[in-house]
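Trainee: dropping the sequence and predicted coords here.
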Amino acid sequence: MSVPTVVAVSPSSPAERAGLRPGDEILSISGQVPRDVIQWQLLVDEADLELEVRRGGLEHRVDVSKVSGQPLGAEVDAALFDRVRTCDNHCEFCFIYQLPKGLRRSLYLKDDDYRLSFLYGNFTTLTRFTEADLERVLTEGLSPLYVSIHATDPDLRARMLRNPRGAVSLRWLGVLLDHGVEVHGQVVVCPGINDGHALDDTLCGVLDEYPRLASLAVVPLGVSRWSPEPAMRAHTTAEAARVVDLVEDWQGVYLAVLGRRLVHAADEYYLLAGRSFPPVDVYGDFEMHEDGIGMARAFEAEFDGRRQDAVGVQAGFFAAVDGAPGAGYRAPRTGPSPGGCMVEVGPIATDDGGLVDGWRVDAAKDSGDAARSATQPVPVTVRPRPDAPVAILTGTYGARVVTPLVESLGRPDVRVVEVPNEFFGGNIGVTGLMVGEDVARVLAGQPGGHRYLLPDVCLSGDRFLDGTTVPDLPRPVEVVATDGWSLRQALEPGP
């Protein structure tokens, strides 16, 4: 079992006053060893803590004076300090099996851990859920949770999970709902397996057995070129249209019986079927935004200024990889630095106007950096010209959403640059799965001296899924929060 390591201490906080420092390893809190960040938050919420700390290989005690409920002011490095509960299903549609070799290890971790479901919105099948887990969920109020349903027919679900426990594990879903836990469900539709009559039966089964679900997302199968399963294929246009029709039919049934639509088809289905997105009010509070439900309409409302409280996005399918905040998606996101962009530039070679690739170089790290830059990159602050043309980098599906919004501005200086996903291939076109290799390839063919806006949803820290980083890109980019309001603000003329 690992222990939490402090990565940041807030100024003037109880932690700072007690002498806690980044790098300190927390061995226990008032005699208890926390097993995850959930328990950490409960323990540090108490008054007057005794922390057993290891610093530089030596152990000592840190006494923290605080009142109950006062934030400690220390951030730790991970969500789980004990072992992650791994997934023992073998779903043929699992995206983990479709990753190429050579990526960082954390991306290959298949979890089925209800704690990561609570913290990051990861989906759990409940095949490893136990009575002890139920007790903790209810005692500590771990809600909402996210559950993969896929099919309510026991035999079909077991077949899809390739796990006999898949036939019975949804009993836990019923128990959670009976005890008032908020649960959001998901159905990944695999053509020829759980679509058509099987999907119709599943939506009927949800109404019969799980009407208290908070929401249900129907999403299409993603198939990369690395998929080892020949039966897995992308939807045809006609299949996507049938899914949309079926979901909308059931929305009417749910609305009549439950007073709410409950089920929604992912935006990707509407794009595949060539259909217009439903009105914004159909999506309510965008409960399943992270699952691609209502993203386009929310983005449009934010971009047009009709919604300034941006829904935003987290890191999607890989939300819990290394680099993610230890407190999960509820942790505040770090926005881009205003007025400039920190990038690795090197060797530094300015033109007569003091520009690098059309960008103004303000300052290097220190006076020696310019001399060293001939052999290695250095971080500098660069700013584009105020009149520089703007290019918005986005995935294939994102381009279809963003392009009409940009065209509505009537600004010839702003364009959308689509980044086809050749790294994963197949039908992968979501912006959250853009990788540095593809972004670099596209940027290399773009003109210099322009502003390039990169959505932060494809990054964990400054790192793409393929391990490359923002400084690895061939041109400077500005990282922008992935919501319509932030994009519109980034498009405003600079000073």
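Mentor: Received, thanks. Numbering: from 1, shown residues only.
Trainee: for the stretch 1-150 of the chain, which segments count as strands?
Mentor: Remark: strands assigned in the stretch 1-150 of the chain by DSSP state E, counting those that start in this stretch are 6-9, 25-29, 49-55, 58-64, 74-76, 145-148.
Trainee: and residue 442, backbone torsions?
Mentor: phi -70, psi -40 (degrees, to the nearest 10).
Trainee: tally of neighbours for it?
Mentor: 19 (other CB atoms under 10 Å). For glycine as for every other residue, the C-beta is placed from the backbone atoms N, C-alpha and C.
Trainee: in the sheet, who's paired with residue 463?
Mentor: As for beta bridges, residue 463 partners with residue 460, residue 469 under DSSP bridges.
Trainee: got any ranges where the chain has weak pLDDT?
Mentor: Along the chain, the parts satisfying pLDDT under 70 run over 1, 308-384, 493-495.
Trainee: quickly list the domain ranges of it.
Mentor: Domain assignment for the chain, taken from automatic domain parsing, gives 6-76, 95-293, 341-490.
Trainee: thinking again about what came up before, a markdown table for the strands of the stretch 1-150 of the chain, including mean neighbour count and distance to residue 402?
Mentor: Listed next are these as a markdown table, based on neighbours: other CB atoms under 10 Å; distance: least, CB to CB, whole Å:
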| stretch | mean neighbour count | distance to residue 402 |
| --- | --- | --- |
| strand 6-9 | 17 | 34 |
| strand 25-29 | 18 | 44 |
| strand 49-55 | 17 | 48 |
| strand 58-64 | 13 | 47 |
| strand 74-76 | 22 | 33 |
| strand 145-148 | 25 | 27 |
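Trainee: for residue 236, which of those is the nearest?
Mentor: Of all the strands of the stretch 1-150 of the chain, strand 145-148 sits nearest to residue 236, with 24.0 Å by CB to CB.
Trainee: what does that closest one contact?
Mentor: By CB atoms under 8 Å, 6 or more residues apart in numbering, the surrounding residues in contact with strand 145-148 are 114, 117-118, 121-126, 137, 170, 173, 176, 181-186, 188.
Trainee: of those residues, which belong to helices?
Mentor: The helices, defined by DSSP state H, take in 114, 117, 118, 137, 173, 176 from these.
Trainee: of all these, which two lie farthest apart?
Mentor: Across the ones in helices among the contacts of strand 145-148, the longest distance by CB to CB is 14.9 Å; it joins 118 and 173.
Trainee: from residue 45, how far out is residue 51?
Mentor: Residue 51 is 14 Å from residue 45, where distance means CB to CB, to the nearest Å.
Trainee: and residue 391, by the same measure?
Mentor: Residue 391 is 46 Å from residue 45, where distance means CB to CB.
Trainee: just want to know which of the two has more residues nearby.
Mentor: For the pair residue 391 and residue 45, the greater number of neighbours falls to residue 391 (22 against 14), based on other CB under 10 Å.
Trainee: number of residues surrounding the residue nearest to residue 429 when sequence neighbours are not counted?
Mentor: Counting by CB to CB, 6 or more residues apart in numbering, residue 396 is the residue found nearest to residue 429 once chain neighbours are left out, at 3.4 Å. The number of residues packed near residue 396 is 17, by other CB under 10 Å.
Trainee: before we move on, the earlier item: which among the contacts of strand 145-148 count as buried?
Mentor: Buried residues within the contacts of strand 145-148, defined by neighbour count using 16 or more other CB atoms under 10 Å: 114, 117-118, 121-126, 137, 170, 173, 176, 181, 183-186, 188.
Trainee: what residues does residue 226 make contact with?
Mentor: Taking CB under 8 Å, 6+ apart, we find residue 226 in contact with 98, 99, 100, 424, 425.
Trainee: which two among the residues you listed are spaced furthest apart?
Mentor: Farthest-apart pair in the contacts of residue 226 is 99 and 425; separation 11.9 Å (CB to CB).
Trainee: which residues do those two both contact?
Mentor: Residues touching both residue 99 and residue 425 by CB under 8 Å, 6+ apart: 224, 226.
Trainee: how about residues contacting stretch 184-191?
Mentor: Identification of contacts with stretch 184-191 by CB under 8 Å, 6+ apart yields 92-93, 123, 144-151, 160, 173, 194-195, 199, 202, 206, 210, 213-221, 232-236, 239, 243, 287-288, 291.
Trainee: hmm, back to that, could you export the strands of the stretch 1-150 of the chain as TSV, including distance to residue 40?
Mentor: Formatted as TSV, those follow (distance: least, CB to CB, whole Å):
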stretch	distance to residue 40
strand 6-9	11
strand 25-29	7
strand 49-55	11
strand 58-64	13
strand 74-76	6
strand 145-148	19
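Trainee: tell me which of those lies nearest to residue 18.
Mentor: Per CB to CB, nearest to residue 18 of these: strand 58-64, 4.3 Å.
Trainee: ok, and the closest non-adjacent residue to residue 278?
Mentor: Among residues not flanking residue 278 along the chain, residue 297 sits closest, at 7.2 Å (CB to CB, 6+ apart).
Trainee: count the residues that sit near the one you found.
Mentor: By other CB under 10 Å, 23 other residues sit near residue 297.
Trainee: and the helix or strand where it lies, what does it pack against?
Mentor: Taking DSSP states H and E as the definition, residue 297 sits inside helix 295-303. Helix 295-303 sits against helix 267-273, helix 396-407, helix 484-490, with contacts defined as 3 or more CB pairs under 8 Å, 6 or more residues apart in numbering; DSSP states H and E.
Trainee: restricting to C-alpha, output the first one in CSV.
Mentor: The one in question is helix 267-273. In CSV, the C-alpha atoms belonging to helix 267-273 read as follows (Å, rounded to 0.1, in the frame of the first residue of the first chain):
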residue,chain,number,x,y,z
ASP,A,267,-24.2,13.7,-29.9
GLU,A,268,-22.1,11.4,-32.0
TYR,A,269,-25.3,9.5,-33.1
TYR,A,270,-26.8,12.7,-34.4
LEU,A,271,-23.7,13.5,-36.3
LEU,A,272,-23.5,10.0,-37.8
ALA,A,273,-27.2,10.1,-38.7
